[in-house]
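**Student:** Show me the folded form of this:
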Amino acid sequence: MKPSRKDAPAFRDAGHRASAAAAFATGAELYSDVRPSYPPSVAELVSAHHTVVDVGAGTGKLTESLLRPGRAVYACDPSEDMARVLASRLPQVPVWRARAEATALADASVDAVTCAQTWHWVDARAASAEADRVIRPGGALMLCWNTLDVRHPWVLRLSRIMHSGDVQRDGFYPDVLAPWELAREHRETWLQPVTTDALFELMATRSYWLRSPERTREKMTANLSWYLFERLGFDKGQVLPLPYRTDAFVYRRG
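**Tutor:** Reported below is the predicted structural model:
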C-alpha cells in the first residue's frame, strides 16, 4: 500500500521536520509521566525475535514492553534528555544517542528494529536503508503509533487545541522504502483514563508547545480551560476516558 501525503503529519521540508523533532531535547520527565504506553499486542508482533533495538525509543514506553527473559533489548534516541530518563527507568537496557538514519549498530547485528511514535520524524529513505543494513536476514522492521482517536468529535477539537501534530489519519500507511514490504498490520482502539489535569500536562509534551513562546502557551492553556470546563462542563480533576487508536506495521524484506 503506497502512503498518501495526507496520511502523515505535514512538514514544509526536511528543516521544518528536524526543528520540530528537536523540541524533544527537553521535557522527558513529563513525557514519561503522561504519554501512554502501547497495548501488549504491539510487542507481540516481534515476539519471535531475540535481539531487538528500539530506535527513537524516547523514555522507553515501548522498550519496556519488549523485555523478555532471554531476549537482548537495546535502545537509542537522539535526545540526551530522553536517553537519560530511559536509562534511569530501565537500567538493564543499553542506551545510546543515535538517529534512525544512523544507529551506530554493526551490520546485520539485530533481529528486529522497532520504532514507536518515531517514523514520521525521520528521513524515510535513509531510515529504511539503515534498517536494511542492521537487521539480519529474516528479521523485521516494526513501526507503531498511538494516536488520539479523533473520530470522536470532542477529541478532534481537543487535538486541535493541543496542536497535536502527530495525529495520523485513520487507515494510514507509513512511508517505508525497498527492500521492505508490509507483512502485517495491526490496528486497535482503547481508552486511557486521564484526569483533566493530565490533559494540560499531555499538551505540554507536544512539539508545538515545546517550541512555542510563553505567550502562545498561555493562550493554549486558556483555550483548553475554556473547552474542558465551560464548553464541555467537566469538573477540575475529573477522570475522563480518553480514546486512543494504535496502528502497528511489520515489514520484512521483499
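**Student:** Send over stretch 232-243 as PDB, restricted to the C-alpha atoms.
**Tutor:** Extracted C-alpha coordinates of stretch 232-243, given in PDB (Å, rounded to 0.1, in the frame of the first residue of the first chain):
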ATOM      1  CA  LEU A 232     -17.800  20.500  27.900                       C
ATOM      2  CA  GLY A 233     -18.700  21.200  31.500                       C
ATOM      3  CA  PHE A 234     -16.200  18.800  33.100                       C
ATOM      4  CA  ASP A 235     -15.000  19.300  36.700                       C
ATOM      5  CA  LYS A 236     -11.500  20.100  37.600                       C
ATOM      6  CA  GLY A 237      -9.700  16.800  38.400                       C
ATOM      7  CA  GLN A 238     -12.500  14.700  36.800                       C
ATOM      8  CA  VAL A 239     -11.400  11.400  35.300                       C
ATOM      9  CA  LEU A 240     -12.200  11.000  31.600                       C
ATOM     10  CA  PRO A 241     -11.900   8.000  29.200                       C
ATOM     11  CA  LEU A 242      -9.600   9.400  26.500                       C
ATOM     12  CA  PRO A 243      -9.900   7.400  23.300                       C
END
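**Student:** if we look at it, which residues are touching it?
**Tutor:** For stretch 232-243, the surrounding residues in contact (CB atoms under 8 Å, 6 or more residues apart in numbering) are 148-149, 151-152, 154-155, 189-197, 199, 228-229. Glycine gets a C-beta too; all of them are placed from N, C-alpha and C.
**Student:** Now do the strands in this structure.
**Tutor:** Using DSSP state E, the strands of the chain run over 51-55, 72-76, 95-96, 110-116, 135-148, 180-195, 239-253.
**Student:** pLDDT of the first one, averaged?
**Tutor:** On average, the pLDDT along strand 51-55 is 98.
**Student:** Select only the buried ones of the contacts of stretch 232-243 in PyMOL?
**Tutor:** Buried residues among the contacts of stretch 232-243 (16 or more other CB atoms under 10 Å), as a PyMOL selection:
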select buried, resi 148+149+155+190+192+194+195+196+199+228
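**Student:** picking that back up, now the strands of the chain in TSV, please, with extra columns for distance to residue 219.
**Tutor:** Below are those laid out as TSV (distance: least, CB to CB, whole Å):
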stretch	distance to residue 219
strand 51-55	35
strand 72-76	36
strand 95-96	36
strand 110-116	31
strand 135-148	20
strand 180-195	22
strand 239-253	22
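**Student:** List the contacts of the residue lying closest to residue 116 once chain neighbours are set aside.
**Tutor:** With sequence-adjacent residues excluded and distances taken as CB to CB, 6 or more residues apart in numbering, residue 116 is closest to residue 62, at 3.8 Å. Going by CB under 8 Å, 6+ apart, residue 62 touches 37, 38, 42, 43, 54, 114, 116, 144.
**Student:** for this protein, what helix or strand is lowest in average pLDDT?
**Tutor:** helix 14-22 (a mean of 40; mean pLDDT, DSSP states H and E).
**Student:** Quick check: which ranges of the stretch 51-200 of the chain have low pLDDT?
**Tutor:** Applying pLDDT under 70 to the stretch 51-200 of the chain picks out residues 166.
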